[in-house]
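*Asks:* Prediction below, plus the sequence it came from.
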Amino acid sequence: MHRAPCRLQRFKWYAAARSPETQTDNVKTQASDSETIVNVFVVDPADESADDGHSVDTGSDDRPEVLDQETPLEPPVDTKEPEILAAPHPALFLEDVLLAIFECADIPTRARGAVVSRRFMRPALAALWRKSAKMFDIFSLIAPLEREPSILSYCFTRPIMPSDWTRFTEIYAPLIQEIHYCPSWSLSKQLSLSTFDDIARSRLQLHILPNLLSLRWHPLGTQDLRDIEIFMSPSVKSLDVAIPTVDEVYVEAFFAMAQVRTPNVRVFQFECAFRVSVIERWLCNLLESFRSLRELGLSHYYLTTNVVASASRLPELQEVLLWSRPPVGDVEDVMGLNMRQLETGAFPKLKAFSLDASLAQMQIFASKQFFNPTVLTYLHITSLEIERPSDLHDFLETLAEACPPLETLVLSMLVKWVELTTPPRITLDHIRPLFNFKSLLDFDVTYNYPFAITDADLECIARSWPKLRTLMLSEYPYFRSDDIDLPTLGSLLPFAEHCPDLINLGLFLNVSLPFPTPSAIKQPFRKLEVLNFGQSYIQDADVIRVAAFISRLCDPSVQIKMGHAVSVYSFSPCLAVNAEDTPDTEIATRNDRWEKVVNAVGVLQQARQLELDRIRELERRLAELTAEAESLRQA
């Protein structure tokens, strides 16, 4: 949550602008904008003495020790009379106000504020540790760390004492709500495995972080995976784990411990180096134990029939999403997906659903309504094989009747290349059921072959879908034959005219075909952010005229994309596991030409802006001269 900086500025103004009448017995102080927040946090000496009579203990051996009250203090060498600070505003005695101020401050200011007084310590530390904490920083609060000889990892310099745990438990442990352990992300400040053993042996209680809400654990090996058990507790609401290649017995142990120690998880994000068939039983048992689970994130090819069935019985589950990145599982594990195994009343609160399945199985899912049709708004289907256009039509027709509130539909039907004698072509009639959706805003589809649509078809889509927000129509297919009819660049004009809310647009075009001149543009895009031409056909001779057309149709802020850049929506797991399906030299040549278009568009838009600025300046000067001439005429 972002907080406005006005609160911080208001207290700075107060410290700098208090009236002289309110400063009796105090010296007037000023606070400039360059001063940190600590300069404003002045505390009356009387308040310091009344603050339990203790100063702040900030850490372990390397931290300054607090002197006893009987310890004689040497008089200061400097005989200059100390400045008397102004009394603080009463609002600064409220912990909620202090917390709001410290949240607006930077990290060094929060750290300095923590040692001002005990009153400031709690809100300053709360703001300092509110965000995700690194394991190295947490361990350094318990006892000093040093680099081990001849290796890069750190270990404790001495045994952890009960007093270390007492200090950590009283001051820091209640404040830490998020931690992440991802040793592969950084080569510096790596922790030795012995540090986790020291923590596990010396701790005074089972749950060392009683208020921990989010636990992210991406280990490198077996021992790293086992160490997550130290931080598991019933307070954890978000669990993000990536299991590396380890012995299966340790994976089973993780699922068993998570089931017992983190029963209140609401967000579970999981990826694994194993195929799901190895861990399916353990994963299903874990999901069924998470009765409060609301969000589930898995890798592709992990939602088998049994996993889907286990998830469908969770009463609070709202999102089931698949990672749009590798690693992925094995497609053979989900080829036998059977939606008929679901029970009536499945997924009672499901809002977003991603699944690897055929359109035939998803038609069963929609027709039987194994979900709450009044709640589902996002559906992402990744096909397992080349879908027939007739299956696409039947699925869309069934889905439009079963789920009218749907807002986003993503169909990733780009599968591994298969040579067909008669390539299927999807026409406008096959996707016409889309017009029956009442709330659909986003439609993204990828396919092995380009759609068989014309400029007139795209104009029909634009006129029938004025609330359209995203439209991606297979802009980078595998099929690369020149003997097919494709829309022209002029097909963009209806979308600019009839779809004022359009943000993302991707089409597979042949821009070498004739298209209108830039003067034919009546309305440029109003909200467009991304224009994706994918692998659209273009020749060297077309670069300048295409750039001139686009430069007038799009705002300079529009991002123009091309090539085989797979978007988050259109991620296809087959591309993540088949490196041989990379673009060939022909596609690379097209990409180079589109790069020239992008560069030319920028130059033309800049030149047009300079010309507009010059015209405005001339008009302004003309108005001034006209007014001056009029005044002289009246004189």
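*Replies:* Okay, I see it. Numbers count the residues shown, from 1 in each chain.

*Asks:* switch to C-alpha atoms for all contacts and neighbour counts from now on
*Replies:* Fine.

*Asks:* what's the helix or strand for Asn591?
*Replies:* Taking DSSP states H and E as the criterion, Asn591 maps to helix 585-634.

*Asks:* who does that helix touch, helix- and strand-wise?
*Replies:* Judged by 3 or more Cα pairs under 8 Å, 6 or more residues apart in numbering; DSSP states H and E, the packing partners of helix 585-634 are helix 543-553.

*Asks:* Recalculate using a threshold of 10 Å.
*Replies:* Applying 3 or more Cα pairs under 10 Å, 6 or more residues apart in numbering; DSSP states H and E, we find helix 585-634 packed against helix 543-553, strand 559-561.

*Asks:* So which of these is the most surrounded?
*Replies:* Across the helices and strands packed on helix 585-634, averaging neighbours per residue (mean count of other Cα atoms under 10 Å) puts helix 543-553 on top, at a mean of 20.

*Asks:* Run through who's touching that one.
*Replies:* Defining contact as Cα atoms under 10 Å, 6 or more residues apart in numbering, one finds that helix 543-553 is touched by 489-490, 492-493, 496, 511-512, 515-526, 531, 538, 556, 558, 560, 593-606, 608.

*Asks:* how about 6 Å then?
*Replies:* Applying Cα atoms under 6 Å, 6 or more residues apart in numbering, the external contacts of helix 543-553 come out as 518, 524, 597, 600-601, 605.

*Asks:* so can I have a markdown table of those showing pLDDT and distance to Thr344?
*Replies:* Output for those, formatted as a markdown table (pLDDT from 0 to 100; distance: Cα to Cα, whole Å):
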| residue | pLDDT | distance to Thr344 |
| --- | --- | --- |
| Pro518 | 84 | 56 |
| Pro524 | 94 | 49 |
| Val597 | 94 | 54 |
| Ala600 | 94 | 57 |
| Val601 | 94 | 55 |
| Gln605 | 90 | 57 |
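
*Asks:* which residue sits closest to Thr377, ignoring its sequence neighbours?
*Replies:* Using Cα to Cα, 6 or more residues apart in numbering and skipping the chain neighbours, the partner closest in space to Thr377 is Leu406 (4.1 Å).

*Asks:* on that earlier part again, quick one, which of the helices and strands packed on helix 585-634 is nearest to Pro315?
*Replies:* Among those, strand 559-561 comes nearest to Pro315, with 41.3 Å by Cα to Cα.

*Asks:* what lines up beside that closest one in the sheet?
*Replies:* Strand 559-561 sits in its sheet next to strand 530-532 (parallel), going by DSSP bridges.

*Asks:* what's in contact with the partner strand?
*Replies:* Outside strand 530-532, the residues within contact range by Cα under 6 Å, 6+ apart are 504-506, 558-562.

*Asks:* Tell me the one among those residues nearest to Glu387.
*Replies:* Closest to Glu387 out of these is Gly506 (20.6 Å), distances taken as Cα to Cα.

*Asks:* Would you map the strands across the stretch 401-550 of the chain?
*Replies:* Taking DSSP state E, counting those that start in this stretch as the test, the strands found in the stretch 401-550 of the chain are 408-413, 442-447, 470-473, 504-507, 530-532.

*Asks:* Make JSON lines out of the contacts of helix 543-553 and add neighbour count and distance to Pro263.
*Replies:* JSON lines is the format used below for the contacts of helix 543-553 (neighbours: other Cα atoms under 10 Å; distance: Cα to Cα, whole Å):
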{"residue": "Pro518", "neighbour count": "17", "distance to Pro263": "62"}
{"residue": "Pro524", "neighbour count": "19", "distance to Pro263": "53"}
{"residue": "Val597", "neighbour count": "24", "distance to Pro263": "55"}
{"residue": "Ala600", "neighbour count": "20", "distance to Pro263": "57"}
{"residue": "Val601", "neighbour count": "25", "distance to Pro263": "55"}
{"residue": "Gln605", "neighbour count": "19", "distance to Pro263": "57"}
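
*Asks:* Just send these back as CSV, with distance to Val236 too.
*Replies:* Below are these laid out as CSV (distance: Cα to Cα, whole Å):
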residue, distance to Val236
Pro518, 58
Pro524, 50
Val597, 51
Ala600, 53
Val601, 51
Gln605, 52
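
*Asks:* and the gap between Phe255 and Gly506?
*Replies:* Distance, Phe255 to Gly506, using Cα to Cα, to the nearest Å: 42 Å.

*Asks:* In terms of neighbours, single out the busier of the two.
*Replies:* Per other Cα atoms under 10 Å, whichever of Phe255 and Gly506 has more neighbours is Gly506, with 23 against 17.

*Asks:* Can you check the pLDDT for the more buried one?
*Replies:* As predicted, Gly506 sits at a pLDDT of 95.

*Asks:* do you know how far it is from Phe533?
*Replies:* 6 Å.

*Asks:* before we move on, what about Asp240?
*Replies:* 36 Å.

*Asks:* okay, these two: which has more neighbours?
*Replies:* More neighbours surround Phe533 than the other of Asp240 and Phe533, with 26 against 17 (other Cα under 10 Å).

*Asks:* Now Val307: which helix or strand?
*Replies:* helix 305-312.

*Asks:* Now do that helix: everything it contacts.
*Replies:* Looking at what lies outside helix 305-312 - Cα under 6 Å, 6+ apart - the contacts are 284, 337-338, 342, 346-347.

*Asks:* Kindly report the same for stretch 453-470.
*Replies:* 427, 441-443, 487, 491, 494-495, 498-499, 501-505.

*Asks:* From the chain's centroid, how far away is that stretch?
*Replies:* Centroid separation between stretch 453-470 and its chain, computed with Cα atoms, centre = their mean, to the nearest Å, is 30 Å.

*Asks:* what about Ile179, neighbour count?
*Replies:* Neighbours of Ile179 under the rule other Cα under 10 Å: 20.

*Asks:* ditto for Ser214
*Replies:* 20.

*Asks:* which ones are touching it?
*Replies:* The neighbours of Ser214, taking Cα under 6 Å, 6+ apart as the test, are 178, 236-238.

*Asks:* Sort out which residues of stretch 437-446 are buried, please.
*Replies:* 437, 439-446 (16 or more other Cα atoms under 10 Å).

*Asks:* on that earlier part again, which helix or strand lies directly C-terminal to the helix holding Val307?
*Replies:* strand 319-322.

*Asks:* So what are the sheet partners of that next one and their directions?
*Replies:* As defined by DSSP bridges, the strand partners of strand 319-322 come to strand 295-298 (parallel), strand 352-356 (parallel).

*Asks:* Okay, now the unreliable bits of this structure?
*Replies:* Counting by pLDDT under 70, the chain shows low-confidence ranges at 1-95, 150, 184-188, 417-421, 479-483, 564-584.

*Asks:* His380 touches Ala357, doesn't it?
*Replies:* No. Using Cα atoms under 6 Å, His380 makes no contact with Ala357, being 10.0 Å away.

*Asks:* first vs last residue of stretch 224-236, how far apart are they?
*Replies:* 19 Å.

*Asks:* I'd like the contacts of strand 530-532 written out as TSV, with distance to Glu248 added.
*Replies:* Putting these into TSV (distance: Cα to Cα, whole Å) gives the following:
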residue	distance to Glu248
Asn504	44
Leu505	45
Gly506	44
Val558	49
Gln559	46
Ile560	46
Lys561	43
Met562	43
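
*Asks:* Let me know the closest of the residues you listed to Arg616.
*Replies:* Ranked by distance to Arg616 (Cα to Cα), these are led by Val558 at 24.1 Å.

*Asks:* Just give the number of residues close to that closest one.
*Replies:* Neighbours of Val558 under the rule other Cα under 10 Å: 16.

*Asks:* What of Ile615?
*Replies:* The number of residues packed near Ile615 is 12, by other Cα under 10 Å.

*Asks:* before we move on, what about Ala623?
*Replies:* Based on other Cα under 10 Å, the number of other residues close to Ala623 is 12.

*Asks:* so how far is Arg616 from it?
*Replies:* Counting by Cα to Cα, the gap from Ala623 to Arg616 is 10 Å.

*Asks:* Report the set of residues contacting both of the two.
*Replies:* Counting by Cα under 6 Å, 6+ apart, Ala623 and Arg616 have no contacts in common.
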